[in-house]
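S.K.: I need the structure of the sequence given here:
(2 chains)
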Amino acid sequence: MKRFLILASLGLCMAVGLTGCALLQVVSEAGTAIGTATGAITPGQAESIKRSATAVGKAMEDITPEQEYYLGRAVAATILKTYKPYDHATANQYLNTMGQALAAASDKPETFKGYRFLIMDTDEINAFAAPSGYVLVSRGLIRCCPNESALASVLAHEVGHVQHGHGLQAISQKRWTSAATILAVEAGKNLAGEQLAELTTAFEGTITDITGTMVNSGYARKLEGEADKAAITIMQRVGYDPNGLKTMLVQMQQRMQGGDHRGFGATHPSPEQRIKAIEPLLRNTPAPADYKARQDRFEKFLKSI
Amino acid sequence: MKPLRLIGAGCLAILLLAGMAHAVKPGKAMSVQMHKGELRAAPSRLAAVVSTVKYGDRLTVQESRSGWIKASASDGASGWIHESALTPKRIVLASGTGDAQLAASSDEMAMAGKGFNSDVEKQFKDKNKDIDFTWVDKMETYLVPPTQLQQFMQDGRVDPSTGGAR
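M.R.: Numbers count the residues shown, from 1 in each chain, chains lettered A, B, ... in the order given. Predicted structure coming up:
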């Protein structure tokens, strides 16, 4: 029973997510105290559990928005090694204007230097949200959008990943533990060469964890659900029809029917699964057509994609 | 059944604690945790900018309303800023000081430039010559002035009051 309690407490803390992880230390102290009292673990083991939990808890807190910014830059640069940027100033400007409107309505409108959006030059259906708000969207995914509301749903979903800190959650537990002490090192002029080398190694490992999850394995279905839910809220707040998300997913479903296993085909729940999950959140009315001037500017944008 | 009840109580306590952590009381001092920020005339990103603030600036909370905080800066300027731009921690900007050493082990303080910073990025670039930051730097130049944002919303009749469905 007691063991169950400890496991349940830890599980609960994990369920609370990043904001709740400041509590990790408290929970594990209670857990190890119970474990030691019952003789389930030795005092030595208990101390070691406490120490590593403290380290992990502190490392997560220690990721400041400034550090998140440097992680985000390197994650975006690493992804752009595989996916080339689409060099079209007008199209990227349009995407950034809409993206800024959506990001401003999220629960995390402010990141260290703000949100930025860029089109990737690929037919693959794909998008990435690097920490601190570097959002990359493929031409293939943009082509799944018949109107601005649908495109807004794509950007809002990515903003949702940033808002929830999903990129940071992809960093492995092992990495947090090993990075914790190095992260506490005072930086600046006094940083010795050896410490800088250690920090850079930890940085590289962290980038590998985040990009590996984004590009290869994808986030857990639960996190994709959170991003879809955030997208609906953001769209409602800005004034885009949240049914645009369903419109986009239906198009994606049709385009993936040939069995496209690249990009979203490999990393995201199927469009059918996502539609099923969001339907209770949408009004039971078909999406109205976008206002004409809005549709005209969207079609002009789409022609450049 | 007892452990389950205990977990239920723990759950409630955690929720209460989380709620308390988010309540921002008037008079509380907070630090700007973004590179550059704005104090605005009203709690909206589209509201006029009253004053600008920068990383590490200490602000005093006057009022909070659904995610937005009205705060005053040391120069007396007062305005609204989103809570995601602020942290209760004191941010130490200069390294090599007593404060900086304290910040490395304190929960109340955070040090600017600690951990992953521009030095680490430089080393990372040196080690990974195949990773090019040119376009990431270019992305950072994609600025959208508030007037352009407002025009975009107006032209497309994107209006929050209609919830999107006209």
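S.K.: got a pLDDT number for residue 89?
M.R.: Let's take chain A. In this model, residue A:89 is scored at 97, pLDDT.
S.K.: try chain B instead
M.R.: At residue B:89, pLDDT is 89.
S.K.: Distance check, it against residue A:269.
M.R.: 37 Å (C-beta to C-beta, to the nearest Å). The C-beta positions use only the backbone N, C-alpha and C, and glycine is treated the same way.
S.K.: One more: residue B:138?
M.R.: Separation of residue B:138 from residue A:269 (C-beta to C-beta): 33 Å.
S.K.: Compare those two (neighbour count), which wins?
M.R.: Neighbours per residue (other C-beta atoms under 10 Å in any protein chain shown) separate residue B:138 from residue A:269, with residue A:269 holding more: 19 against 15.
S.K.: how about the nearest residue to that one, chain neighbours excluded?
M.R.: residue A:221 (4.9 Å; C-beta to C-beta, 6 or more residues apart in numbering or on different chains).
S.K.: What about residue 86? Give its phi and psi, please.
M.R.: I went with chain A, as the question did not name one. phi -90, psi 110 (degrees, to the nearest 10).
S.K.: My question was about chain B, not that one.
M.R.: When read as degrees, to the nearest 10, the backbone of residue B:86 gives phi -120, psi 150.
S.K.: who's it bridged to?
M.R.: residue B:32 (DSSP bridges).
S.K.: same deal with residue B:61?
M.R.: The partner residues for residue B:61, given DSSP bridges, come to residue B:71.
S.K.: so what's it up against?
M.R.: B:24, B:25, B:26, B:27, B:28, B:29, B:30, B:69, B:70, B:71 (C-beta atoms under 8 Å, 6 or more residues apart in numbering or on different chains).
S.K.: now swap in residue A:92 and tell me
M.R.: Counted by C-beta under 8 Å, 6+ apart, residue A:92 has contacts A:86, A:117, A:118, A:119, B:142.
S.K.: ok, it to residue B:140 distance?
M.R.: Using C-beta to C-beta, residue A:92 is found at 12 Å from residue B:140.
S.K.: can you check residue A:245 too?
M.R.: According to C-beta to C-beta, residue A:245 and residue B:140 sit 28 Å apart.
S.K.: Comparing the two, which shows the higher neighbour count?
M.R.: For residue A:245 versus residue B:140, neighbours defined as other C-beta under 10 Å are more numerous around residue A:245 (27 against 13).
S.K.: I'd guessed that one sits against residue A:231; true?
M.R.: Yes. With contact defined as C-beta atoms under 8 Å, residue A:245 counts as touching residue A:231 (5.8 Å).
S.K.: So for these two, which residues contact both of them?
M.R.: Joint contacts of residue A:245 and residue A:231 (C-beta under 8 Å, 6+ apart) are A:153, A:156, A:157.
S.K.: now the residue nearest to the spatial centre of chain B, nearest residue through space, not along the chain?
M.R.: When C-alpha atoms, centre = their mean is applied to chain B, the residue found nearest the centroid is residue B:85 (1.8 Å). Nearest residue to residue B:85 in three dimensions, chain neighbours excluded: residue A:110, at 3.9 Å (C-beta to C-beta, 6+ apart).
S.K.: How is the one you found assigned, secondary-structure-wise?
M.R.: coil (DSSP: H, G, I helix; E, B strand; the rest coil).
S.K.: Residue A:145 against residue A:245, yeah?
M.R.: No. With contact defined as C-beta under 8 Å, residue A:145 does not reach residue A:245; the gap is 10.4 Å.
S.K.: joint contacts of these two?
M.R.: The contact sets of residue A:145 and residue A:245 overlap at residue A:153 (C-beta under 8 Å, 6+ apart).
S.K.: Looking at the contacts of residue A:92, which are in strands?
M.R.: Of those, the ones assigned to strands by DSSP state E are A:117, A:118, A:119.
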